[in-house]
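[1] sharing a sequence plus its predicted fold:
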Amino acid sequence: MSNIRANTFLFVVLIIFTACSDTKLMTPETEGEKLQILYNDAMDLVKKRDFVDAALLFEEIERQYPYSKWSNQAQLMSGFCYYKSNMYNDSLDSLERFIALYPGSKKISYAYYLRALNYFEQISDVERDQTLTSKSKLAFEEVVNKYPESEFARDALDKIDIINDRLAAKEIEIARYYQFNHQWISAINRYNKILDEFNTSIYTEETLFRLVEIYFSLGLHEEARRYAATLQFNFPNSDWYLKSYELIKDLI
């Protein structure tokens, strides 16, 4: 995603080492030098967008040098590379390990954010099970609640709005089914769930109208007027309000 590409530079620390000789190539002698070569090789693969091989090499660094200063960075980078390769379960495994092992890291907010993106990218269409949609919402809410001042909080809030629209779309689909089959109580409960849990979604206006419609058809005119008034107050220029007004104008 574009926002990930924009922010990657904050976390990809390229450590450049030069070994110059006029007469021969240098051979690494210490564990630190070997680690530097492995890490630079992995970063070269990232720059070439060979994310799978890069992830495997970062995992190898983590395995061979678990106590090095770059082990946590390699673990986070493997999570990023797997994410870029659409290998979401592998990415989540790396990120969960990072979160568990390095809760005090300066990059922990990014790990939480990237974890949420892994769920977000797997959201299916509205007709299917929404388990991952709910997980994505909870993960983004964790970013906002734990790290409200981070550079990821704003995008996390935007993603939550998108997710709420998707969840509300599923609920309104079910609510309409109940309503059009005259299962009034079930429909009312579903519509009220949208108002309670997803009241910033794009389906709020229609939900209020549907409640006006149901209560009017049941002869519960006071309830119909109440929801129409709520619709007018919050969405005075809405087409849904105009429709509700046509229903209840003789009751006013």
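    Structure's in. What do you need?
[2] helices of the chain, start to end?
    Remark: helices assigned in the chain by DSSP state H are 2-7, 31-47, 51-64, 71-84, 88-101, 108-120, 131-146, 153-180, 184-197, 204-217, 221-234, 239-248.
[3] can I get the ones you listed in TSV with mean neighbour count?
    C-beta: built from backbone N, CA, C; applies to glycine. Below are those laid out as TSV (neighbours: other C-beta atoms under 10 Å):
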stretch	mean neighbour count
helix 2-7	12
helix 31-47	16
helix 51-64	19
helix 71-84	25
helix 88-101	18
helix 108-120	24
helix 131-146	18
helix 153-180	19
helix 184-197	17
helix 204-217	22
helix 221-234	17
helix 239-248	16
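[4] just the pLDDT at S124, thanks.
    S124 is assigned 71 on the pLDDT scale.
[5] distance of it relative to D158?
    According to C-beta to C-beta, to the nearest Å, S124 and D158 sit 20 Å apart.
[6] repeat for T204
    18 Å.
[7] now do I37
    On the measure of C-beta to C-beta, I37 and D158 end up 40 Å apart.
[8] just H182 next, same as before
    When H182 is compared with D158 (using C-beta to C-beta), they lie 38 Å apart.
[9] one more: D44?
    Per C-beta to C-beta, D44 is found 33 Å from D158.
[10] please apply the same query to F80.
    20 Å.
[11] same thing with R190?
    For R190, the distance to D158 - C-beta to C-beta - is 26 Å.
[12] repeat that for H221.
    Counting by C-beta to C-beta, the gap from H221 to D158 is 40 Å.
[13] kindly report the same for S91.
    S91 is 21 Å from D158, by C-beta to C-beta.
[14] remind me which residues of the stretch 151-252 of the chain are low pLDDT?
    252 (pLDDT under 70).
[15] no, scratch that, I was asking about the stretch 1-150 of the chain
    For the stretch 1-150 of the chain, the ranges with pLDDT under 70 are 1-32, 125-129.
[16] try it again at 80.
    Low-confidence segments of the stretch 1-150 of the chain, defined by pLDDT under 80: 1-34, 67-69, 124-130.
[17] can you tell me what sits against stretch 187-198?
    164-165, 167-168, 171-172, 174-176, 178-179, 201, 203-204, 207-208, 210-211, 214 (C-beta atoms under 8 Å, 6 or more residues apart in numbering).
[18] how far is that stretch from where the chain is centred?
    23 Å (C-alpha atoms, centre = their mean, to the nearest Å).
[19] who's in contact with the residue lying closest to K146 once chain neighbours are set aside?
    Once flanking residues are discounted, K146 sits nearest to Y112: 6.5 Å by C-beta to C-beta, 6 or more residues apart in numbering. Residues in contact with Y112 (C-beta under 8 Å, 6+ apart) are I99, A139, E142, V143, K146, Y147, F152.
[20] now render these as JSON lines, adding distance to N86.
    Listed next are the contacts of Y112 as JSON lines, based on distance: C-beta to C-beta, whole Å:
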{"residue": "I99", "distance to N86": "21"}
{"residue": "A139", "distance to N86": "18"}
{"residue": "E142", "distance to N86": "23"}
{"residue": "V143", "distance to N86": "21"}
{"residue": "K146", "distance to N86": "26"}
{"residue": "Y147", "distance to N86": "25"}
{"residue": "F152", "distance to N86": "21"}
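[21] tell me the one of those nearest K106?
    Checking those against K106 by C-beta to C-beta gives Y147 as the nearest, at 11.2 Å.
[22] how many neighbours does the closest one have?
    Number of residues near Y147 (other C-beta atoms under 10 Å) recorded here: 17.
[23] now H182
    10.
[24] same check, this time on N199
    14.
[25] please consider this matter closed, and thank you.
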